[in-house]
Structure formats: structure tokens, C-alpha cells
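[1] Just the structure for this:
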Amino acid sequence: MDKKDRVVGFQHKNLAEGRWAQMSLSEQIANIGSEISRALNWRRKNNEKYCQKSVVRALELIYLTIDTVSVKSHLKELTRLREVLLDYFYGSNQFSSSEVLWQKYFDHFNYVAREQQGRKNYC
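    Predicted structure coming up:
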């Protein structure tokens, strides 16, 4: 199956068709973090259906990011992120993740992505 065939089932079709690859890694991970933040918010509200939908969208974005990455250390980070997220939301949470830890992790990428956007808008 080639990349174009996989786009069919994606919720983020316009991102899967190429826009995602144009974003910086920090912007990509910040967007993944937004979906995780939504998932955590729905989990707090005991809405498991919407929580799971947000997790699925985040995983979709992780797969898109993995497809675009070329630096080996970035690939390792992304595959570990996927592993730990799956463990937190679907597994036994063997890595002892918490809502606070997830927010802290993604906050750093949000900060860098905002800084990058500010520089783009300034130039």
C-alpha cells in the first residue's frame, strides 16, 4: 500500500496529503500534544468515547510524523512517544505516565512552535 492509499482513512486528510511534511518537527509534536490535551480533558470529564477519538487522531498524527522524519534520533523519540501513549491510554501504564507529565512534555514543543511562528511572522 502506498502513501496515497493510506490517506483515504485519515481524519486529517489535508495534512496527510502533504501539508504535514511542511511543518517543523516542533509544530508537528505541538499539534499531537493538542490532541492529547483534548483526550486528557475528555478523560477528566469521563467521556471515554471522545477521549479515544482524540487519542486516535493523535496516533494518526504520530504516524504522519514518522513518515516525514529523516533524523534517526527523531524517529526514536517518535516511536517511544507512540509506545508510551499507547501504554498510558490502552495499556497498564507501566511507564507511570500522568496527565501532568504529558502536559509538561508537550508544553516544551508548544513553546518552540510558537517561537518559530513568531519568527516567521516577523520576517
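[2] can you list contacts of stretch 97-114?
    Under the criterion C-beta atoms under 8 Å, 6 or more residues apart in numbering, residues 24, 26-27, 29-30, 32-34, 36-37, 40, 43-44, 84, 87-88 lie in contact with stretch 97-114. (Glycine included, C-beta is placed from N, CA and C.)
[3] Enumerate every residue touching residue 44.
    residue 99.
[4] Tell me both backbone torsions, phi and psi, for it.
    Here is the backbone geometry of residue 44 (degrees, to the nearest 10): phi -60, psi -30.
[5] how many neighbours does residue 71 have?
    A count of neighbours around residue 71, defined by other C-beta atoms under 10 Å, yields 9.
[6] how near is it to residue 25?
    8 Å (C-beta to C-beta, to the nearest Å).
[7] ok, now which ones touch the most centrally placed residue in the chain?
    Central residue of the chain (C-alpha atoms, centre = their mean): residue 32, 2.2 Å from the mean position. Residues in contact with residue 32 (C-beta under 8 Å, 6+ apart) are 58, 61-62, 65, 81, 106.
[8] before we move on, back to that, pull out the buried members of the contacts of stretch 97-114.
    26-27, 29-30, 32-34, 36-37, 40, 43, 84, 88 (16 or more other C-beta atoms under 10 Å).
[9] Good, we can wrap up now.
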